[in-house]
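Enquirer: Generate coordinates for the sequence data below:
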Amino acid sequence: MSNPAVPPRSLAEALRARDDVSLAALLRARPDLITPVPTDLTQLATRAGTRASVVRALERLDRFALQTAEALAVAADPAPHDELLALLTGDGGDPAVSAALPRALGTLREQALVWGEDDRLRLVRTARELLAPSPQHPSPTGLGPTVREATAGMSPGRIQDIVTTAGLGSTHDAVSALASLTELFTDRKRMATLLAGLPEESREVLSRLVWGPPYGQVTADPAAHLRRLLDLGLLVPTTPGTVVLPREVALHLRGGRAHRAVEPVAPAVEPAASHRPQVVDATAAGQAYTALATVEELLKDWDEGGPAVLRAGGLSVRDLKRTAVALDVAEPVAAFWVELAYAAGLIASDGEADERYAATPAHDEWLEQPAAQRWARLAEAWLTATRVAGVVGGRDAKDRTLSALGPGLDRSAAPEVRHRVLTLLAGLPEGTSPSAASVLTRLRWERPLRGPQREDDLRSRLAEWTLNEAELLGVTGRGALSGHGRALLGATAPRTASVAPQGPGDKLPVHHHRPAVTEPLSAAEQATASAASARLLAPLLPEPLDHVLLQADLTAVAPGPLERPLAEVLGVLADVESKGGATVYRFTPGSVRRALDAGQAASDLHAFLAAHSRTPVPQPLTYLIDDVARKHGHLRVGAASAYVRCDDDAVLNEILADKRASGLRLRRLAPTVLAAQADPATLLDGLRAMGFAPAAESAEGDVLITRAHAHRTPPGTAPEPVPDGPPIPDATLLSAAIRAIRAGDLASTTPRKNPAQPPHSTGELPRTSPADTLATMQAAVLTGDALWIGYVNAEGSATQRVIAPIRVEGGFVTAYDHTADEVRTYPLHRVTGVAELAEG
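Expert: Sure thing, here's the model as predicted:
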């Protein structure tokens with residue numbers, strides 16, 4: 001480890017001075033740095049400075065940490081702490097900024113974006129290149145280049161003219177002239193005097209450029225007030241017709257501030273309404289029950305095979321509309337339920353030639369679980385899914401419509417946004433619902449670079465969808481997070497203690513460092529949280545009932561959810577007329593005939609209703625069942641192409657005489673048999689439309705019982721979320737990675753006796769002859785000294801290692817490997833060379 005008393009000269013040296021806890025925090029915040037694990041700290045520093053990694057790190061900064069980095073990008077390199085503070089607070093100072101700056105610098109240091117002591121703060125070079133002003137990429141601060149940068153292409157004579165016009169003494173070279181001019185522009189009193197002598201038109205030009213963009217257009221023969229600014233160097237020409245306001249001049253006009261508005265404190269999440277927690281929980285439980293009923297209805301609708309899969313994947317617009325009508329919801333809501341069932345692994349494509357969507361085998365297992373557990377599975381799938389139903393109906397990059405269940409719906413940021421929104425809700429007092437606008441404002445402050453600054457950016461839309469979907473699913477009730485929602489959120493709550501300081505009156509808890517980024521938990525932790533959520537929800541859900549209330553108007557009222565066997569039989573015997581807190585079923589001749597077609601006898605139906613009704617079975621319902629049963633099967637339809645037979649030839653005469661039978665093209669084969677040129681299914685539907693109750697029969701003459709045949713997909717798994725970058729490493733991986741990096745760094749930096757191999761060489765392996773290698777190894781066994789070796793494994797990968805040989809025999813060396821922190825055996829022919837380490 002480096003000497004802490006010596007200031008680091010590079011990012012690698014700064015990382016070398018960190019302890020393991022600090023390195024673990026860096027690798028957790030930037031997991032891309034250990035994919036794969038670096039060989040040493042020098043490689044880790046190099047990787048931390050790559051453009052892709054720095055961009056990713058900057059995107060995850062909150063607004064004030066980002067503003068701090070932007071201020072460092074326009075400060076001197078290195079910059080003292082006081083200069084950075086002055087750029088953020090201006091000449092007047094700001095106690096809130098002063099109090100928040102240590103947190104922001106701590107975040108930037110932790111993520112290896114800034115290194116060095118407070119008197120020599122350095123922004124990583126790649127970050128400076130990304131944030132510093134340039135004509136191609138204007139700075140977010142609105143500042144332009146320095147005087148030295150703006151005059152880089154100007155002739156020395158012209159520079160001397162500017163110095164002379166500004167009232168400064170002429171110098172012998174351009175460098176000292178620019179230094180004199182910079183000193184003038186950064187001197188508050190002298191600069192104020194210089195600006196006071198300008199005409200009003202000149203000051204107006206400067207005021208228009210002061211907050212950016214700093215570039216303006218001038219003609220080949222500028223007006224007098226513009227000429228005055230050019231002569232004084234207050235505007236500097238960059239290209240023909242273009243001038244720029246130097247950074248030092250803009251900072252003076254701004255009062256020393258790099259930003260127009262600095263936001264050191266996270267915006268508060270404002271409460272919109274407050275309810276009793278019991279009301280919130282009861283409302284959320286009601287929504288949870290509705291969610292279960294809706295998903296069950298969707299799966300029941302697709303039980304025999306759902307809609308066809310489009311050639312490009314997904315549901316067609318027509319099928320989505322049909323599903324919305326069947327569920328009695330709007331199309332966007334139907335898309336949400338379909339995607340939720342898909343994310344939970346309850347529906348999938350069957351993979352057959354005429355590919356269709358259908359329920360999965362997991363659906364049958366899900367139906368057997370208690371209601372609270374079924375809800376927990378849906379909620380957990382929603383929390384972690386990257387597929388977003390809200391984008392259904394939009395257009396992709398190739399201007400193709402995005403379909404439900406189709407490709408292109410994954411948004412990697414979705415799980416993080418959902419967790420973050422619910423975390424903000426959890427920070428409010430129980431029963432308090434937030435203002436949606438304040439939630440969006442807070443999210444924009446926490447991730448200002450995660451999208452353009454407009455109202456419809458992706459993160460804002462994801463947050464709005466999260467609030468709506470959480471209410472539909474029953475995670476929230478009346479806009480406030482429910483008790484079981486809090487328990488479920490515990491499965492994915494922030495594990496890094498990092499929420500920015502709150503403003504006055506903010507209800508959110510104050511933690512350390514930057515805003516919390518939700519991290520996924522392990523499968524075991526997630527299961528524990530889901531089980532806890534289910535336990536809290538279970539008492540709030542209504543118990544299934546074993547009875548209905550039959551009424552004289554041929555309806556049955558279910559005053560709550562029904563037990564599954566009762567609901568299944570009643571769903572065949574009657575049609576659902578209305579839903580809500582109570583479900584109303586209506587008995588019709590068609591619904592009774594459907595039950596008889598399913599193999600039930602009239603006596604079975606009477607016994608079923610008598611057993612499950614809390615009221616006497618009404619006489620009209622008894623008459624309806626008996627009347628339909630008496631007619632049911634009187635006519636028999638079979639395949640000839642199709643035929644009708646009946647023991648009563650008067651009934652067949654009535655059919656032949658009916659004009660509605662002309663489309664069936666019937667003819668009499670015998671007194672009790674009619675033949676048709678239509679298939680049996682069409683013939684059955686035609687006769688039923690005429691008011692008859694025919695029954696289908698087999699080739700043997702037996703009545704065919706029509707039951708629904710469930711269609712299931714092959715066993716499979718739910719869709720995997722698309723991660724937003726490398727996964728967060730767990731403690732075990734972090735510990736192993738840090739140990740390997742430390743050991744590799746020891747191998748590459750340990751002083752060696754051979755002066756031709758300096759400690760900070762470019763990673764070249766030691767080279768010695770086989771005889772020298774063997775002799776040095778054998779000597780080290782006797783003396784117990786550690787050696788530095790180069791080793792090439794079976795895959796051809798070369799590494800440096802520090803070992804303490806224990807024995808050498810049979811062409812192998814057995815040694816304690818300091819790099820791996822264990823005893824290993826290496827073939828001598830794979831050792832490229834060996835060098836003795838310097839004493840101490």
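Enquirer: Contacts only, for the closest residue to Pro271 other than its chain neighbours.
Expert: By the measure of C-beta to C-beta, 6 or more residues apart in numbering, the closest residue to Pro271 outside its immediate chain neighbours is Thr432, 4.7 Å from it. C-beta: built from backbone N, CA, C; applies to glycine. Counting by C-beta atoms under 8 Å, 6 or more residues apart in numbering, Thr432 touches 271, 273-275, 480, 507.
Enquirer: which residues of the stretch 701-840 of the chain fall in strands?
Expert: Counting by DSSP state E, counting those that start in this stretch, the segments of the stretch 701-840 of the chain that form strands are 787-792, 798-809, 812-817, 822-827, 831-836.
Enquirer: And for the stretch 451-600 of the chain?
Expert: Going by DSSP E, counting those that start in this stretch, the stretch 451-600 of the chain shows strands at 476-477, 480-481, 549-551, 555-558, 575-578, 583-586.
Enquirer: Adjacent strands (with direction) for the third one?
Expert: Read that as strand 549-551. Sheet pairing here is set by DSSP bridges, and for strand 549-551 it gives strand 555-558 (antiparallel).
Enquirer: For the most far-flung residue of the chain relative to its centre, what are phi and psi?
Expert: Here the chain reaches farthest from its C-alpha mean at Pro671, the gap being 72.4 Å by C-alpha atoms, centre = their mean. Per-residue torsions, Pro671: phi -60, psi -30 (degrees, to the nearest 10).
Enquirer: That one and Asp649 touch, don't they?
Expert: Yes: at 4.7 Å, Pro671 counts as touching Asp649 under the criterion of C-beta atoms under 8 Å.
Enquirer: Tell me where the stretch 551-700 of the chain has helices.
Expert: All helices of the stretch 551-700 of the chain, identified by DSSP state H, counting those that start in this stretch, fall at 564-573, 589-597, 602-612, 619-631, 649-657, 680-689.
Enquirer: Give me whichever of those helices is most buried.
Expert: Comparing the helices of the stretch 551-700 of the chain by mean neighbour count (mean count of other C-beta atoms under 10 Å), helix 589-597 comes out on top with a mean of 20.
Enquirer: what sits up against that one?
Expert: 569, 572-575, 602, 605, 624-625, 627-629, 632-633, 688, 693, 695, 705-706.
Enquirer: If we use 6 Å, what do you get?
Expert: Outside of helix 589-597, the residues that reach it under the criterion C-beta atoms under 6 Å, 6 or more residues apart in numbering are 572-575, 625, 628, 632, 693, 706.
Enquirer: Same check on stretch 561-581?
Expert: With C-beta under 6 Å, 6+ apart, stretch 561-581 has contacts from 542, 544-546, 584-587, 591, 594-595, 598, 612.
Enquirer: cool, stretch 309-320 as well?
Expert: 307, 331, 349, 355, 403-407.
Enquirer: Can you list the buried residues in it?
Expert: 309, 314-315, 319-320 (16 or more other C-beta atoms under 10 Å).
Enquirer: before we move on, what about stretch 347-357?
Expert: 347-350, 356-357.
Enquirer: same check, this time on stretch 396-410
Expert: Buried, per 16+ other C-beta under 10 Å, within stretch 396-410: 402-406, 408-410.
Enquirer: Run the chain-centre distance for that stretch.
Expert: Taking C-alpha atoms, centre = their mean, to the nearest Å, one finds the center of stretch 396-410 at 17 Å from the center of the full chain.
Enquirer: returning to what we had before: from the buried residues of stretch 309-320, pick the one nearest Thr466.
Expert: Checking the buried residues of stretch 309-320 against Thr466 by C-beta to C-beta gives Leu320 as the nearest, at 21.7 Å.
Enquirer: Look up the pLDDT of that closest one for me, please.
Expert: pLDDT for Leu320: 94.
Enquirer: Dump the one helix or strand it maps to to PDB, restricted to CA.
Expert: Here Leu320, judged by DSSP states H and E, is contained in helix 317-327. Below are the C-alpha coordinates for helix 317-327, written out as PDB (Å, rounded to 0.1, in the frame of the first residue of the first chain):
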ATOM      1  CA  VAL A 317     -53.900  -5.200 -32.400                       C
ATOM      2  CA  ARG A 318     -57.100  -7.000 -33.000                       C
ATOM      3  CA  ASP A 319     -56.400  -9.700 -30.500                       C
ATOM      4  CA  LEU A 320     -55.400  -7.100 -27.900                       C
ATOM      5  CA  LYS A 321     -58.700  -5.400 -28.500                       C
ATOM      6  CA  ARG A 322     -60.600  -8.700 -28.000                       C
ATOM      7  CA  THR A 323     -58.700  -9.300 -24.800                       C
ATOM      8  CA  ALA A 324     -59.500  -5.800 -23.600                       C
ATOM      9  CA  VAL A 325     -63.300  -6.400 -24.300                       C
ATOM     10  CA  ALA A 326     -63.200  -9.800 -22.600                       C
ATOM     11  CA  LEU A 327     -61.500  -8.300 -19.500                       C
END
